[in-house]
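Asks: Next input, structure requested:
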Amino acid sequence: MSAELKPIFEPRSILIVGASELAGEERIYSELFHSLLQNVSSYEKGKVFIVDLSGKIEGSYKNVAKVKAGLDLGAVLLPEKLLTKTLPKLLTKQPKAIIIMTGGPMEELAKATKRKKAAIIGPESIGVINTKSGLIAVPGRWQIPAGSVAFISQDSCVAENILSLATTTGIGKLISVNKNFGTDESDILSYLSGDKETRCICVYLRKPRDGRKFIGALAEAAAEKPVIVLSGSPSAAILEAAVKQAGGILVQDMREMLNGAAALARQPPLFGGRIAVITNVSGPAELFEKYLARKGMVLAKPSPVTLEKIKKQHLGAEISNFIDLGKMANYEDYKRVAELLLSEKEVDGIAMINSMKATSFSHEDLRKITEIAKKSKEKPIVDVALCASFDAAFREIISESRLPIYPQLEDAAEAVVILRYWGKIVRKLRNLNPSG
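Replies: From the prediction side, this is the model:
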């Protein structure tokens, strides 16, 4: 199946089928078609062909019949009547994969695709994204931060929501599948489990097409990388229990999924529950301690020797349950303390809190502080940048960083809890397979 799905994520040729000048209620399909063409036009890993049934776009074909056979990927964005008329013609051209971005009668689609070898994504799929190769085959206007998290959604609207919210997470790959038709979520999950560019997989499920197949694919993937599952079903107790048993990380909402993915894609697992906090403001650190306590986490208690070294290096530091370096602290201050704590046996992970209002901490300090994450291959680090202006410079720092950076304390606390949960899964897997 992996070989069959490669043309979806890494096509060497793409055919976009739509109509540029529809009228009335169908005009929206033309608008989406234009935005899809604009997004795909930047793809440089393969040749892009266009079929415009309106016959208005320069350099396009006016019908599918004139397109050469054997292209890798076809993407169709047409209203229902034109879709049911065009799809059979497209299938005669034997594309390796087809994405159906609009809805259509299932019986007609099933009849058209019966005994066809093409992998079918959809109907009602948002499309596919692979930021590594520059493939943005989705309609709409988006600013998509590159990353190493892959998203699978059984709902195109949820997939759109992910595109809107994943600003601190980053997207490597994204695809939405139909819960009743075509290639299913289990097939995509199996493909992504072997994808070297993907460090974490997120799955939104309405209902698995084949529960046993999905849990098998999940167990296979979780042995390679973290898999976060968000279920939309209000009565999914059996599914959720099976997800946990298979090594999946079950979350309750979109925000928790994105917060966890941002950390899992960038940091190692958290193998213990003791978190050291470095801050330049005490109030938020106290709140962060409270958020962690709700989840059964505790703040670390470094050894007296380590604390004494910190006091000597930072004369104005206030040390309680956390280390407050004061409002004048900069990158170098955080770096020195973090390096001491990373070598401390009583510390399992570090959370850094930097208020960027009424302090000396700057965007440049934040950019430099991300380098600390490179020094920690065994203990995770998360950062909270409070009162930061969410401008282009800030988004660039987040997208390029190996350090997960959150704008809110609660977001970082959720990430720490998920890192801890993943640490327990990894330890369990290692115990089951000591040589692995």
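
Asks: Mind giving me the packing neighbours of the lowest-mean-pLDDT helix or strand in the chain?
Replies: Sorting the helices and strands of the chain by mean pLDDT, DSSP states H and E puts helix 106-113 at the bottom, at a mean of 76. Here helix 106-113 touches helix 80-91, going by 3 or more Cβ pairs under 8 Å, 6 or more residues apart in numbering; DSSP states H and E. Where you see a C-beta, it was placed from the backbone N, CA and C, and this is true even at glycine.

Asks: Give me the buried stretch members for the strand or helix carrying His34, please.
Replies: His34 is part of helix 27-40 when elements are defined by DSSP states H and E. If you call a residue buried by 16 or more other Cβ atoms under 10 Å, then helix 27-40 has these buried ones: Tyr29, Ser30, Leu32, Phe33, His34, Ser35, Leu36, Leu37, Asn39, Val40.

Asks: Check whether the last one really touches Val17, as I assumed.
Replies: No. Between Val40 and Val17 there is no contact, the gap being 11.8 Å when judged by Cβ atoms under 8 Å.

Asks: Overlap in contacts, the two.
Replies: Residues touching both Val40 and Val17 (Cβ atoms under 8 Å, 6 or more residues apart in numbering): Ala75.

Asks: Quick check: the gap between Pro234 and Lys207.
Replies: Distance, Pro234 to Lys207, using Cβ to Cβ, to the nearest Å: 11 Å.

Asks: Neighbour count for these two, which is higher?
Replies: Comparing Pro234 with Lys207 by other Cβ atoms under 10 Å, the one with more neighbours is Lys207, at 15 against 5.

Asks: how would you label the most centrally placed residue in the chain: helix, strand or coil?
Replies: Here the mean C-alpha position of the chain is nearest to the C-alpha of Val149 (Cα atoms, centre = their mean), at a distance of 3.5 Å. Local secondary structure at Val149 is given as strand here, using DSSP: H, G, I helix; E, B strand; the rest coil.

Asks: Any figure for the gap between it and Pro407?
Replies: Separation of Val149 from Pro407 (Cβ to Cβ) stands at 18 Å.

Asks: And for Leu270?
Replies: Counting by Cβ to Cβ, the gap from Leu270 to Pro407 is 21 Å.

Asks: any chance you could map the helices in the stretch 251-400 of the chain?
Replies: With DSSP state H, counting those that start in this stretch, the ranges of helices along the stretch 251-400 of the chain come out as 254-264, 282-294, 304-313, 331-342, 363-369, 392-400.

Asks: tell me the mean pLDDT over the fifth one?
Replies: Right, helix 363-369. Mean pLDDT, helix 363-369: 91.

Asks: swap in the longest one?
Replies: The pLDDT scores in helix 282-294 average 95.

Asks: Just list what it packs against, helices and strands only.
Replies: Counting contacts by 3+ Cβ pairs under 8 Å, 6+ apart, helix 282-294 packs against strand 274-279, strand 298-299, strand 349-355, strand 381-386, helix 409-432.

Asks: Please apply the same query to the fifth one.
Replies: Under the contact criterion of 3+ Cβ pairs under 8 Å, 6+ apart, the helices and strands touching helix 363-369 comprise helix 331-342, strand 349-355, strand 381-386, helix 392-400.

Asks: From the chain's centroid, how far away is that helix?
Replies: The chain centroid and the centroid of helix 363-369 are separated by 24 Å under Cα atoms, centre = their mean, to the nearest Å.

Asks: between Leu270 and Pro407, who's got more neighbours?
Replies: More neighbours surround Leu270 than the other of Leu270 and Pro407, with 26 against 16 (other Cβ under 10 Å).

Asks: Do you know the pLDDT at the residue nearest to that one when sequence neighbours are not counted?
Replies: On the basis of Cβ to Cβ, 6 or more residues apart in numbering, the spatially nearest residue to Leu270 that is not a chain neighbour turns out to be Leu419, at 3.9 Å. In the predicted model, Leu419 carries a pLDDT score of 98.
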